[in-house]
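Undergrad: Need a 3D model of the following:
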Amino acid sequence: MDASILISRYEKAKSKRYNWDHHWQEVADLVLPTREFTADYTAGEKRRNRIFSDVAPEAADSLSSALSGMLTNTSTRWFSLAPSNPRLKQSDAVKRYLHDATHLMLEYLDSADSGFSVASHEMYLDLVCFGTGIMTVTDGVHGPRFQAKALQNFYLVDDDQGQMVEVYRYFKLPILEAYETFGEDLSEKTLRAIKEGELDYSKEIEFVHVVLKRYERDPAKIDNLNKPYASYYVELTGRHIVSESGFDRIPYLTPRWSKAPEETYGRSPAMKVLPGIKVANVMSRNILEACELAIRPPIMMPANSIEGPLRTSPGSLIYYRQGTRDFPRPLVSGADPRVGEALLQRQEARIEQAFFLDKLRTPESDRMTATEVVQRRQESLMFASPMLARLYAEFLDPLIGHTFESMVRSGVIPDAPEALQGRSLAVEYRSPMATSKRSAHTQSFMQAMQATAPLMQVNPGVVQNLDADKAFRDIFDSQSVDPSYLKDSREVEMMREQQAQQQQAAMQAELQQRQADVGLTQSKTQESQRQANERDQ
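TA: The predicted model follows:
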């Protein structure tokens, strides 16, 4: 593909994001000032000058921390691999292989080599503030490496199904670093200037990394030029393609919090409550001014009634003209900060509700039992159900797919058993947020058992309708218990058969003993009868 065509498509994607940039900059100014879209800041510059109420920044940080801790907490088993074919779920060998593979993946994601813990929290901040997050995925020695990237440098294009098909990343490299990275593949103009020493080495060269879906390719070929997604590095200055390759998956994860129909970029809680955040900032500033008016009000005094400058610090001496009766006195403005504080508290509560902080907090009541607290907690986490589906599809599913494939290629995860060869895998999420959504069937089972308890007392035979083994294993599985803790189902059957045989043998031995005792008794009776007959004769 020609570089001019790629640059033209990049400029088109960039122009479509114009309105979003201004919207995001407003959010950044009041919620996350470390980001910049239309404003240019220098490193280390103060960026919180427009923030008077810190409720929104703290709420955004709390929500992002909650997502990191309750959705992808690397210290817990927040997901597990499962076969897509339900029949294979009954195989204990398949279960143990997938459990071990999941364990290896979780250990890697929790390690510093992956960078996932840091990258995910940074990405969640962008997600809850701007509605769209960006994370890059690159191959490492033992698995993929993850890194959060600034949304301001990315331009996205999706198809009619809402699937991302084009990603443009703008970045700069110092001249020498660009030459070290791309070598002789740079444009002729840049190479000539480098070799002749005509360039200022403090300057940087602009590049665009273009990743787009390949519609024309040969699936039978496995080379980089026939992979599902094409990759181009384009030098903007020289309008030249410096590298062409391909990917099986887009190396950029682009989750969106929520999305309006036919929009490409997502919308966030901060964007939803942005008017309220502006109001809270204005009210906070006004309350500060009212407090200052009450503490240090303006001083009223007649002209030429004071000798020297007016001093308002404690212990100061004020000289006034002899004979005058007009002394300096404070101006009572009537400003009451308490009125504004009540309104501000209500507004800040709405902001916290927009960031779901009222749902994330643990219920506080000294009259609630531990079971009731857990139940309330799970019900509160159900708020995440609408946005979990999008995060699964756009973030967690491709993330786990990247990790599994990369670790298989590196040999960290062993080959799958024969039953799984050539078969796709599914992902089951087991984080606290996902568990609150998945625990409904377990709760319904326990409720059904409580409801049918009276019937079991009246007619114990109804228990025979229940497959206790299946229910037992399903409850253990839903609670993410290590499958190695459970015995193999065939082993359990063999143990039950042995127990049945032992019981049957014991019953037969007991029956034989009884028969022997009866025979002995009969023989003794007959002998006694015979002896009695002999005495009678």
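
Undergrad: Quick one: list the elements packing against the longest helix along the chain.
TA: The single longest helix within the chain, with elements called by DSSP state H, is helix 489-536. On a contact count with 3 or more C-beta pairs under 8 Å, 6 or more residues apart in numbering; DSSP states H and E, helix 489-536 meets helix 468-478. (Glycine included, C-beta is placed from N, CA and C.)

Undergrad: Might you list the low-confidence residue ranges for the stretch 301-450 of the chain?
TA: Within the stretch 301-450 of the chain, the segments meeting pLDDT under 70 span 306-308, 315, 323, 325, 335, 362-385, 432-444.

Undergrad: quick one, strands of it?
TA: Assigned by DSSP state E, counting those that start in this stretch, the stretch 301-450 of the chain shows strands spanning 306-307, 319-320, 329-330, 425-429.

Undergrad: As a markdown table, those strands with distance to residue 126 would be great.
TA: Shown next, in a markdown table, are the strands of the stretch 301-450 of the chain (distance: least, C-beta to C-beta, whole Å):
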| stretch | distance to residue 126 |
| --- | --- |
| strand 306-307 | 57 |
| strand 319-320 | 61 |
| strand 329-330 | 49 |
| strand 425-429 | 22 |
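
Undergrad: Can you tell me which of the ones you listed is nearest to residue 75?
TA: strand 425-429 (15.8 Å; C-beta to C-beta).

Undergrad: returning to what we had before: and the longest helix of the chain, how far from the chain's centre?
TA: A distance of 68 Å separates the centroid of the chain from that of helix 489-536, by C-alpha atoms, centre = their mean, to the nearest Å.

Undergrad: before we move on, what about stretch 51-58?
TA: So, by C-alpha atoms, centre = their mean, the centroid of stretch 51-58 is 23 Å from its chain's centroid.

Undergrad: Show me where the stretch 251-400 of the chain has its helices.
TA: 269-272, 274-295, 337-354, 357-360, 370-381, 385-391, 397-409 (DSSP state H, counting those that start in this stretch).

Undergrad: Could the C-alpha coordinates of the fourth one be exported in CSV?
TA: What it means is helix 357-360. In CSV, the C-alpha atoms belonging to helix 357-360 read as follows (Å, rounded to 0.1, in the frame of the first residue of the first chain):
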residue,chain,number,x,y,z
LEU,A,357,-18.9,4.8,44.8
ASP,A,358,-22.1,4.2,46.7
LYS,A,359,-22.2,0.7,45.2
LEU,A,360,-18.6,-0.1,45.8
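
Undergrad: Okay, buried residues for that helix please.
TA: Neighbour counts over helix 357-360 (16 or more other C-beta atoms under 10 Å) mark 357, 359, 360 as buried.

Undergrad: now the residues you listed as TSV including distance to residue 331?
TA: Output for the buried residues of helix 357-360, formatted as TSV (distance: C-beta to C-beta, whole Å):
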residue	distance to residue 331
357	41
359	47
360	46
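
Undergrad: Tell me the buried residues in stretch 20-38?
TA: For stretch 20-38, by 16+ other C-beta under 10 Å, it's 20, 23-33, 35-37.

Undergrad: And those residues, which is closest to residue 276?
TA: Looking across those and measuring by C-beta to C-beta, the closest to residue 276 is residue 30, at 10.5 Å.
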